[in-house]
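> quick check, what structure comes out for this input:
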Amino acid sequence: VVGKRCTTNRENRSLERLVKQNRFKNVGKLHKEWTEAGVKASRATTHRCVKEFGYSCCIPLVKLLLNHRQRQRCLSWAKEKKNWTVAQWSKVLFSDESKFCISFGNQRPRVWRKGGEAHIPGCLKSSVKFPQSVMVWGAMSSAGVGPLCFLKTKVTALVYQEILEHLMLPWLNDHGVDVPDWPANSPDLNPIENLWGIVKRKMRNERPKNADELKATVKETWASIPPQQCHRLITSMSRRIEAVI
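Alright, predicted model coming up:
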């Protein structure tokens, strides 16, 4: 038998307004503000109501500030590639760098959001400093993961040219992969961003003690990614482009 609701629809709507005002409030903060407004409810009830509204507690994406020109270039690029097939995308190499930290776990803030809300302004966070870490540059295509390089410095134009010359070009020649132009600041269009996320989730239970152990773990995990997983990410390009447009 379902028990009687202890809160009214009006009270529930007031709780949802609190969530929308600041998506980064934890359950304890939401419960405090809700009950201070005169609602009689437990912390568990607060949590259950928020979940019933359709919100999940997620790790937020990091927002990127795009100026008008960058937005226009991104839109033009997306329109040019709108009708590309999976076969065409399968010939493209995607590359990017990412930061891997020695300390993994739930240190990052969490955000309440519904399906499809990952990119709305209220659900995004600004980038912050991280604990001891290593910078990694990698590449992938529909054929699977490509080369991996640990970087000692931030990726400047000169560093990137050296990476292309010594790592990417030989790999391209072996696999017959094309590299088209790319709009600036467009991680939402790059499936390797999802691949970095997959690698980091696989490493969640690892406890490297220093940078060398961290590098070894990254290399091992990167090598374990099957080509089928990369191919599935490539097939998402048409959906990404539709979303950008």
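> mind listing what the residue most central in space within the chain touches?
Residue closest to the average C-alpha location in the chain (Cα atoms, centre = their mean): residue 61, at 5.5 Å. The contact partners of residue 61, by Cβ atoms under 8 Å, 6 or more residues apart in numbering, come to 118, 119, 123, 124, 125. The C-beta positions use only the backbone N, C-alpha and C, and glycine is treated the same way.
> switch these over to TSV; also include secondary structure, distance to residue 137 and neighbour count.
Below are the contacts of residue 61 laid out as TSV (DSSP: H, G, I helix; E, B strand; the rest coil; distance: Cβ to Cβ, whole Å; neighbours: other Cβ atoms under 10 Å):
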residue	secondary structure	distance to residue 137	neighbour count
118	coil	25	15
119	coil	25	12
123	helix	28	18
124	coil	25	16
125	strand	24	16
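> residue 18: which of those residues is nearest?
Distances from residue 18 to those, taken as Cβ to Cβ, are shortest for residue 123 (15.3 Å).
> chain neighbours aside, what residue packs nearest to the closest one?
Of all residues beyond its chain neighbours, the one nearest residue 123 is residue 113 (4.5 Å), with distances taken as Cβ to Cβ, 6 or more residues apart in numbering.
> now swap in residue 146 and tell me
Among residues not flanking residue 146 along the chain, residue 139 sits closest, at 3.6 Å (Cβ to Cβ, 6+ apart).
> hmm, residue 164 and the one you found touching each other?
No. Taking Cβ atoms under 8 Å as the contact criterion, residue 139 and residue 164 are not neighbours in contact, 10.0 Å apart.
> ok, the two, which is more surrounded?
Neighbours per residue, other Cβ atoms under 10 Å: of residue 139 and residue 164, the larger number sits with residue 139, 22 against 13.
> can you tell me how far the more buried one sits from residue 169?
Counting by Cβ to Cβ, to the nearest Å, the gap from residue 139 to residue 169 is 11 Å.
> ok, now residue 38?
Relative to residue 169, residue 38 is positioned 67 Å away (criterion: Cβ to Cβ).
> looking at those two, which has the bigger crowd around it?
Taking residue 38 and residue 169 together and counting by other Cβ under 10 Å, residue 169 has the greater number of neighbours (12 against 8).
> quick one: low-confidence parts of the protein?
When residues are selected by pLDDT under 70, those of the chain lie in 1-5, 62-65, 103-109, 126-131, 153-155, 172-173, 175-180, 187.
> hey, where'd the helices end up in it?
The residue ranges that make up the helices of the chain, judged by DSSP state H, are 9-21, 27-36, 43-52, 68-80, 86-89, 157-163, 169-175, 192-202, 211-223, 227-234, 237-244.
> angle of the fourth one against helix 237-244?
To tie it back to what came earlier, the one meant is helix 68-80. Compare the direction of helix 68-80 with that of helix 237-244 by axes from the mean of the first three to the mean of the last three Cα atoms, to 10 degrees and you get 140 degrees.
> for helix 68-80, packing partners?
Helix 68-80 is packed against helix 237-244, with contacts defined by 3 or more Cβ pairs under 8 Å, 6 or more residues apart in numbering; DSSP states H and E.
> what sits up against stretch 75-84?
In this structure, residues lying in contact with stretch 75-84 by Cβ under 8 Å, 6+ apart are 180, 181, 182, 183, 186, 189, 237, 238, 241, 242, 244, 245.
> next one: that stretch to chain centre, how far?
Averaging C-alpha positions (Cα atoms, centre = their mean, to the nearest Å) puts stretch 75-84 22 Å from its chain's average.
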